[in-house]
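Q: Please work out how this folds:
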Amino acid sequence: MLRKIITNPFFVFPALACLVFWPLTLELFTFKNDALTYYYPVRTLISDALNNGELPLWTPFINMGYPLHADMQSGAWNPVIWIFSFLTQYSLSAFHYEFLFYIAIAGIGFFNLCKNLGHGLVVSFAMALAYQFSGFMIDSVQFFNCISAAAYLPFIILFFRQTIIQRKLKYVIALSFFLFLMFTGGYPSLFIINCYTLVGYFVYFYIKEDKKKLFVKKTFPLLALSALLFIALSSPAIISFALHLDEIARGKGQSLAINLENSMNPTTMLSLVSPFGTTAANDFLNSSILMRSIYIGIIPLVFFVHSFLNPGLRQNKDLRFYLFMAIIMLMMAWGEFFFVRQIAYYILPLMDSFRHPALFRLFTIFFMLLIAAEGLQTWIDGRTNEDKVLKRIIVTLGIAAILIVISALLFEGITFKNFITLPTKLTMFYGMNFSERFLLQLPFIILLLSATLFIIKTRKNKKYLLWIVIVDLFFATQLNISVTVIGAKSYKEVINIMNRNAEKFPLPDKRSIEENIAELNKGEYVASPLPYEKKIGRTDVFITPGNLSRQDSFYYSSIRTTLFKHPVLFFNDSFITNNSDSAIITRISSNTIMAETFSKNERMLILQQNYYHGWNVWIDGKRSAIKTAYISLMSVVVPAGKHTIKFCYQPTLVVYCFYVSIATLILMAVLFIFLSFSKYKSVKLQQGN
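A: Predicted coordinates:
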């Protein structure tokens, strides 16, 4: 019984995720850079809204007010964040375990895909672990939504294949659900690339079919139904994003130069052997340190190469397709260093809408592992006797690794003095160059290759290959996480620095925006202070991937200096001023701001929040008109006397779509359970007969 539990993928992959990322699991250290300056703070704001009984539509605490629901990367519609938020007020600890959840799901998904393709347990576990801890996963943690998108990719491919091949309704439902998860919780560009991948898959299956018209007739309605269910599920996000695109600078297409930012330098292909080596700051690597690694592990690499040196496997149509996709995605990942991404920019829809070409390498890794899985399974089954070829591949990789290190050391001018100081350098990762980092990993590479060679020679204990994969990926990850994943400060230090306000929506005081910002800029921050301190204002610290265009116009205008001398709510100085006049905020939440005002004359009330379609205002319960003031702020004319003012953000269409989404989700869940139960009941009846 115990053996059955510890070999279950739902135990293995979460357990190994916690083990490999032990500094996060034990809360000794935490993430760095974008993960803390953007992805974590917006999650706390989403959680606050949900725990306050509101939809996470708006936040008053990011750059003078921001529509969270309309930001493609915020995760406002991500059901995983909602679940974590309902279970607990979202904390840095929850952020860690959300990440570990995605890593575990990535492994489980790839394992099930391999099983569906007919592979055994050893192969399925090995390749799923290689995917779970691949170079993309280790490099891209700071771009948190990249990890969630990668987690859902194997499920999408799995259920897309099953929809086409088996043509069952439950697979249609599953496909639409995982597309919804990727769309609402993943990185937008990866969703776009995924759609092109599915188109490629469909074309491949179409070409393979003899009866092409019949194939289209049977599969197209199912795929269309899946698309409709996806649209219904994602409708609040789709509407939110569509309305938002015209309001931000990044929403109107970007120049080719911007689209080619963060390309994968072809020299970083060396990460296939030494991912730690390519984290160096050498000029020849010349790319973002978070966009380099394509590591899949030593054993998967060996069997990937073997698959195309084996005449029998070379005839496999599926492997040819995987290779085609892997090469295309790799050439796209090279971005500015190759021409394919540039052609795609001009001729393919939506390819002008996102940066970071190196993200394409996720799909290269994905298809390389599918190829390696077939090669390894063929060898385990004894369907090939080309052990000599495998041995040559292993020896060649070992020699190549040694030659790379020697060449790099000679190129960088290694001397006797360097060897004396090398042990000291090896203890300081950040000061090491390429050759030193590669040299540090080299003994382990040789050891892994030797162990693999021994198993190939003896053809005994093939299951030990799985242990080699685990040890390989664990060691490679430990070298890299200090560079790409975790920051230098301890978990406790970061918590103390951020000092998150325990109040969900504290009332702003009468101090000016200028005074608030001055206070926020005191001390040390590891993340943008506004969301943590719950102050209304704006700082120059990066907080959103696409701020409202009008707010940027306001912030960089001369008006801003004058306006920031006022508190959040004030009467416009252009009207008659009276010392007895007052405007005080009495309640503030995610989507509502209440105020009490008194003035002896009709006055113009200014609320220092960005105007955005969906905002309405009521004076004493009667609807009034919001006017845009000072480029992006909100204002309303208030009659003389004492009044209650209510500003409320409620984009009607988005709210209606939310209810459509909930209804669709419930319907799909009921239908999926019914179909699964019917199958289970049918199997039981057959067994009884």
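
Q: now V305: how far from G398?
A: The gap separating V305 from G398 is 13 Å, by Cβ to Cβ, to the nearest Å. For glycine as for every other residue, the C-beta is placed from the backbone atoms N, C-alpha and C.

Q: With D283 instead?
A: 28 Å.

Q: Give me the more crowded residue out of the two.
A: Between D283 and G398, counting by other Cβ atoms under 10 Å, G398 is the more crowded of the two (20 against 7).

Q: Please identify which helix or strand holds the more buried one.
A: helix 387-411 (DSSP states H and E).

Q: Name the residues of that helix that are buried.
A: For helix 387-411, burial by neighbour count (16 or more other Cβ atoms under 10 Å) applies to L390, I393, I394, L397, G398, A401, I404, V405, A408, L409.

Q: Pretty sure the fifth one sits against F444.
A: Right, G398. No: with contacts counted by Cβ atoms under 8 Å, G398 stays clear of F444, the gap being 11.9 Å.

Q: Would you map the strands across the stretch 401-550 of the chain?
A: For the stretch 401-550 of the chain, the strands defined by DSSP state E, counting those that start in this stretch cover 486-490.

Q: Would you map the helices across it?
A: For the stretch 401-550 of the chain, applying DSSP state H, counting those that start in this stretch gives helices covering 416-426, 434-458, 464-484, 491-498, 513-520, 529-533, 549-555.

Q: Turn the ones you listed into a markdown table, including mean pLDDT, mean neighbour count and distance to F183.
A: As requested, the helices of the stretch 401-550 of the chain are arranged in a markdown table below (pLDDT from 0 to 100; neighbours: other Cβ atoms under 10 Å; distance: least, Cβ to Cβ, whole Å):
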| stretch | mean pLDDT | mean neighbour count | distance to F183 |
| --- | --- | --- | --- |
| helix 416-426 | 53 | 11 | 44 |
| helix 434-458 | 91 | 19 | 38 |
| helix 464-484 | 93 | 20 | 26 |
| helix 491-498 | 86 | 16 | 30 |
| helix 513-520 | 83 | 18 | 34 |
| helix 529-533 | 80 | 22 | 24 |
| helix 549-555 | 89 | 18 | 24 |
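
Q: Please convert these to CSV, extending it with distance to L665.
A: Formatted as CSV, these follow (distance: least, Cβ to Cβ, whole Å):
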stretch, distance to L665
helix 416-426, 53
helix 434-458, 45
helix 464-484, 35
helix 491-498, 34
helix 513-520, 39
helix 529-533, 29
helix 549-555, 33
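
Q: closest to F11 out of the ones you listed?
A: Nearest to F11, of all the helices of the stretch 401-550 of the chain, is helix 464-484, at 14.3 Å by Cβ to Cβ.

Q: residues in contact with the residue lying closest to K32 once chain neighbours are set aside?
A: Leaving aside its sequence neighbours, K32 sits nearest to G487 (Cβ to Cβ, 6 or more residues apart in numbering; 3.5 Å). By Cβ atoms under 8 Å, 6 or more residues apart in numbering, the contact set of G487 is F29, T30, F31, K32, N33, L36, V494, V526.

Q: now for these, which pair is the farthest apart?
A: Farthest apart among the contacts of G487 - using Cβ to Cβ - are F29 and N33, which lie 13.4 Å from each other.

Q: Tell me if P349 really is in a strand.
A: No: secondary structure of P349 (DSSP: H, G, I helix; E, B strand; the rest coil): coil, not part of a strand.

Q: Spatially central residue in the chain, please.
A: Closest to where the C-alpha atoms of the chain average out (Cα atoms, centre = their mean) is N145, at 1.5 Å.
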